[in-house]
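no FASTA, just this:
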């Protein structure tokens, strides 16, 4: 699967289709079935998705990856509008780079090396941890956000893209 190193001039639609199928189509299927079950059961609540802070970036490569991640942003907006009449809130967390197993593998590095790679790119001191993302999701699931829907909560320490994303 392409991880987004494509430029527009060298764009491979087959690679993009695979990336889009996972990032957008897969999420659309999950949202559809979760929403149907919630509506049928009269369940009011919150659906929380993730994409990436990359959805808000521009780069000399990453064309297909940015497009797919931004597609999730559009999906969340549509879903939140359509499901609000059922008392269902739909929001999204957009984390910056975090040393997950997938990111470590893509960079062929350990957790500490990946954190060091990205550390200077955060405006806030420190590095983004999985717990920060979990805390953002807990907020969106809580009663503290009961009037929040259709929002994209960027959780990235004000990440400044310097071409290091893999």
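That came in fine, so what should we check first? The structure displayed is predicted, hence computed values, not measured ones.

quick one: low-confidence parts of this protein?
1-4, 161-166 (pLDDT under 70).

sheet partners, orientation included, of the strand ranked longest in it?
Ranked by number of residues, the top strand in the chain under DSSP state E is strand 88-95. Paired neighbours of strand 88-95 in the sheet (DSSP bridges): strand 45-50 (parallel), strand 152-155 (parallel).

tell me how far the closest residue to residue 122 other than its chain neighbours lies from residue 7.
Nearest non-adjacent residue to residue 122, counting by Cβ to Cβ, 6 or more residues apart in numbering: residue 157, 3.7 Å away. Backbone N, C-alpha and C define where each C-beta goes, glycine included. As judged by Cβ to Cβ, to the nearest Å, residue 157 and residue 7 stand 28 Å apart.

who has more neighbours, these two?
Applying other Cβ atoms under 10 Å to residue 157 and residue 7 shows that residue 157 carries more neighbours, namely 21 against 12.

please tell me how far that one sits from residue 138.
For residue 157, the distance to residue 138 - Cβ to Cβ - is 18 Å.

and residue 82, how far from residue 21?
Plainly put, residue 82 is 22 Å away from residue 21 if you go by Cβ to Cβ.

tell me the centre residue of this protein?
A centroid search over the chain (Cα atoms, centre = their mean) returns residue 51, at 1.0 Å, as the residue closest to the centre.

coming back round to it: residue 119 is in contact with the residue nearest to residue 122, correct?
No - Residue 157 is beyond contact range of residue 119, at 9.6 Å (criterion: Cβ atoms under 8 Å).

can you list residues touching both of those two?
126-127 (Cβ atoms under 8 Å, 6 or more residues apart in numbering).

picking that back up, could you point out the helix or strand that follows the longest strand of the chain?
Where DSSP states H and E defines the elements, the next helix or strand beyond strand 88-95 is helix 101-107.
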